[in-house]
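K.L.:
generate a structure from the sequence data that follows.
(one chain, ligands or ions: 1)
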Amino acid sequence: MVYDNILQAMGNTPLIRLNHMVTDDQARVLVKFEGLNVGGSIKTRTAYNMIREAEKRGLIREDTIIVEPTSGNQGIGLALVGAVRGYKTRIIMPDSVSEERRKLIAHYGAEVILIHDAGNIGKCIEECLETALKMAQEDPRVYVPQQFDNPANPQIHRDQTAVEILEQVDSPIDGFCSGIGTGGTITGIGEVLKGKNPHMTIWAVEPEHAAILSGGSIGTHLQMGIGDGVIPSILNQKIYDDICIITDDEAIDTARALASQEGIMCGISSGTNVAAALRLAKVLGPGKTVVTVLPDTAERYFSTPLFQE
Ligand code: PMP
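P.N.:
Here you go, the predicted structure:
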């Protein structure tokens, strides 16, 4: 089979059972490895869907410039989609995100604008958004998808990611957990899985220093892509039953264990999700099934503490 372009190869990522990290007193843990997706992350799916919806609605034309504030992977996804579809893309991001992400975006031919993060990622992301919206006011060619508010973001997880999971799992799914950046993943997948099994348990996962759904405050943390310090409008706050808080050390140790014990090279927020999934697996116990996602690949974290001694 020949694909017409790389976007057609998107999705259908593998679901993998963890072996060495799970003990006999736990549920089995299955991880959907989005690091193997086109573009190396789960966010290619949302980038594609937001642009496709905007095309359908006539919101973008040939000369459109896609401008998006993002802490990384959404920018990589949009730069990739922009390259395939022929749109200019400009990504506005905090200077605290990993160097690899900036380089990847530029490598796809997009422009990168950095905004200084003075230790408050939420405030910095707000500034990125303000900069993007100002550009849209000043130039009618600019289209800002606004992933935190765009319904096409959770929708692709209802239509695609969740459907793949249901096709892949051979038993009822008893537990699901996910960290929250825009909330697209937990909302879209969570709604479909819970629709299928209303008795299941869903956990939202927050970094210790960005636990705002739990009433905490936002500080600096290493779990890039989640805990951005905002409660997004697209997040369905009724979809999760509980909130699980994970420290930076737990996230990094778990991401390292995924590589060294399971052979899975994934990013820091994948460590976050699996640390929470392992706890949920203990609560639910043997015979049950817990699913989580690994949002991206480890290769974009070489310059971060994930790869430091
Ligand atoms: N992990 C990483 C590495 C991400 O880039 C993102 C997207 N911001 C997430 C997790 C969270 O996904 P979502 O935006 O769907 O909540």
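
K.L.:
C-alpha only now, for contacts and for neighbours.
P.N.:
OK.

K.L.:
list the contacts for Pro69?
P.N.:
The neighbours of Pro69, taking CA atoms under 8 Å, 6 or more residues apart in numbering as the test, are Gly75, Ile91, Ile92, Met93, Ile125, Cys128, Leu129, Ala132, Gln146.

K.L.:
one more time with 6 Å
P.N.:
Ile92, Met93, Cys128, Leu129 (CA atoms under 6 Å, 6 or more residues apart in numbering).

K.L.:
SS state for the third one?
P.N.:
Think Cys128. Assigned by DSSP: H, G, I helix; E, B strand; the rest coil, the conformation of Cys128 is helix.

K.L.:
that one and Ser71, how far apart?
P.N.:
To Ser71, Cys128 is 9 Å away according to CA to CA, to the nearest Å.

K.L.:
cool, and the first one?
P.N.:
Ile92 is 8 Å from Ser71, where distance means CA to CA.

K.L.:
got the residues of the stretch 201-309 of the chain near the ligand?
P.N.:
Residues of the stretch 201-309 of the chain lying close to the ligand by CA under 6 Å from any ligand atom are Met224, Gly225, Ile226, Ser269, Pro295, Asp296.

K.L.:
identify the farthest-apart pair in the residues you listed.
P.N.:
Greatest spacing in those, by CA to CA: Ile226 and Asp296 (12.0 Å).

K.L.:
quick one: the helices in the stretch 1-150 of the chain?
P.N.:
Ranges of helices in the stretch 1-150 of the chain, per DSSP state H, counting those that start in this stretch, are 43-56, 73-85, 99-107, 121-138.

K.L.:
list the contacts of Ile115.
P.N.:
Counting by CA under 6 Å, 6+ apart, Ile115 has contacts Met93, Pro94, Asp95.

K.L.:
pLDDT score for the closest residue in space to it that isn't next to it in sequence?
P.N.:
Of all residues beyond its chain neighbours, the one nearest Ile115 is Pro94 (4.8 Å), with distances taken as CA to CA, 6 or more residues apart in numbering. Looking at Pro94, its pLDDT is 89.

K.L.:
any idea how far Pro94 lies from Arg256?
P.N.:
Note on Pro94: its distance to Arg256, by CA to CA, is 25 Å.
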